[in-house]
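[1] Provided below for reference: sequence and predicted model.
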Amino acid sequence: SFSEEMGSLLGRLHAATGSDRLTDALGGREVPSVAEEARNGLDEALGTLADVRIDGGWTRVRERVQKRVEDIGAVRPVLTHRDFYLDNVLVSGGSVRAVLDFEHARFSDQYSEFGKISELLFDWYPETRGPFLDGYRRWHEVDDAAWARIHAHCGLYNVVMCGYFARWEPELVPEYTARIERWLREDERRG
């Protein structure tokens with residue numbers, strides 16, 4: 001029930017609109033498209049990964065991730081938390097009392113949240129996936145198009161986090177290169 005409540009809370013957050021532009025929560029730092037936002041994230045991450053080896057090379061990774069994000073096209077911006085996981089949820093009596101830490105919040109593609117959620121909730125606690133999605137579906141459809149967007153954002157998230165950890169916690173880089181390689185294999189199966 002806790003996982004379902006978290007999914008419903010995120011769905012409710014994603015029902016909040018307030019900007020027709022891709023901006024931070026206060027209306028600044030605008031980007032023209034989700035694809036441009038991805039390019040910026042890839043540029044920054046790949047700038048720190050030059051010495052890190054990955055099967056097929058980073059150019060291949062960049063092209064595949066960027067293509068998937070470009071396939072998303074235009075989106076209706078909604079309020080996204082961008083750091084939604086267990087550490088940022090205050091719980092009391094088995095229920096969520098507050099969602100904390102909105103410093104990364106943006107008006108963006110709602111499915112951009114799912115990279116972190118996939119890693120730090122679904123991968124760590126697989127039993128949470130179904131109930132979380134049930135709660136989210138109270139607010140939003142999760143159809144094939146949504147799964148394509150989630151897939152794209154998971155690829156982007158993995159590369160961005162790999163770049164982040166290359167700079168700050170290099171011992172975690174092998175975990176993220178493995179995640180990227182799994183994402184690439186899944187992407188190839190998708191065609």
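    Nice, I can see it. Predicted model, so just to flag it, every value in this text is computed and none were measured.
[2] Could you list the buried residues of whatever helix or strand residue 67 lives in?
    In this assignment (DSSP states H and E), residue 67 forms part of helix 57-72. Under the neighbour-count criterion of 16 or more other Cβ atoms under 10 Å, helix 57-72 has 58, 61, 62, 64, 65, 66, 68, 69, 72 buried. To be clear about C-beta, it is placed using only N, CA and C from the backbone, and glycine gets the same treatment.
[3] Excluding residues flanking it in the chain, which one is nearest the residue nearest to the spatial centre of the chain?
    Centrality entry for the chain: nearest residue to the mean C-alpha point is residue 115, 3.1 Å, by Cα atoms, centre = their mean. Using Cβ to Cβ, 6 or more residues apart in numbering and skipping residues adjacent in sequence, the residue nearest residue 115 is residue 157, 2.4 Å away.
[4] Wait, a strand at that neighbour?
    No - read with DSSP: H, G, I helix; E, B strand; the rest coil, residue 157 is helix and lies in no strand.
[5] Around it, how many other residues sit close by?
    When neighbours are defined as other Cβ atoms under 10 Å, residue 157 has 24 of them.
[6] pLDDT wise, what is it at?
    At residue 157 the predicted local distance difference test score is 98.
[7] just residue 93 next, same as before
    At residue 93, the pLDDT value in this model is 89.
[8] Quick one: the strands in this structure, in order.
    When assigned using DSSP state E, the strands of the chain occupy the ranges 78-80, 89-92, 95-99, 106-108.
[9] Deepest in the core, which of these is it.
    Comparing the strands of the chain on average neighbours per residue, with mean count of other Cβ atoms under 10 Å, the densest one is strand 106-108 at a mean of 23.
[10] the helices in the protein, which residues?
    For the chain, the helices identified by DSSP state H occupy 2-13, 34-47, 57-72, 114-117, 129-137, 144-168, 173-190, in order along the chain.
[11] still on that earlier bit, the residue nearest to residue 115 contacts residue 119, correct?
    Yes - applying Cβ atoms under 8 Å as the test, residue 157 and residue 119 come out as touching, 7.3 Å apart.
[12] Between the two ends of stretch 168-179, how far is it?
    The first and last residues of stretch 168-179 sit 18 Å apart, counting by Cα to Cα, to the nearest Å.
[13] for that stretch, which positions count as buried?
    Within stretch 168-179, the residues scored as buried using 16+ other Cβ under 10 Å are 173, 176, 177, 179.
[14] Over to stretch 79-87?
    79, 80, 81, 82, 83, 84, 85.
[15] Closest one to residue 134 out of those, please.
    For the buried residues of stretch 79-87, the closest approach to residue 134 (Cβ to Cβ) belongs to residue 84, at 16.7 Å.
[16] Backbone dihedrals for that closest one, please?
    Backbone geometry at residue 84, expressed as degrees, to the nearest 10, gives phi -90, psi 110.
[17] For residue 31, see how far away it is.
    20 Å (Cβ to Cβ, to the nearest Å).
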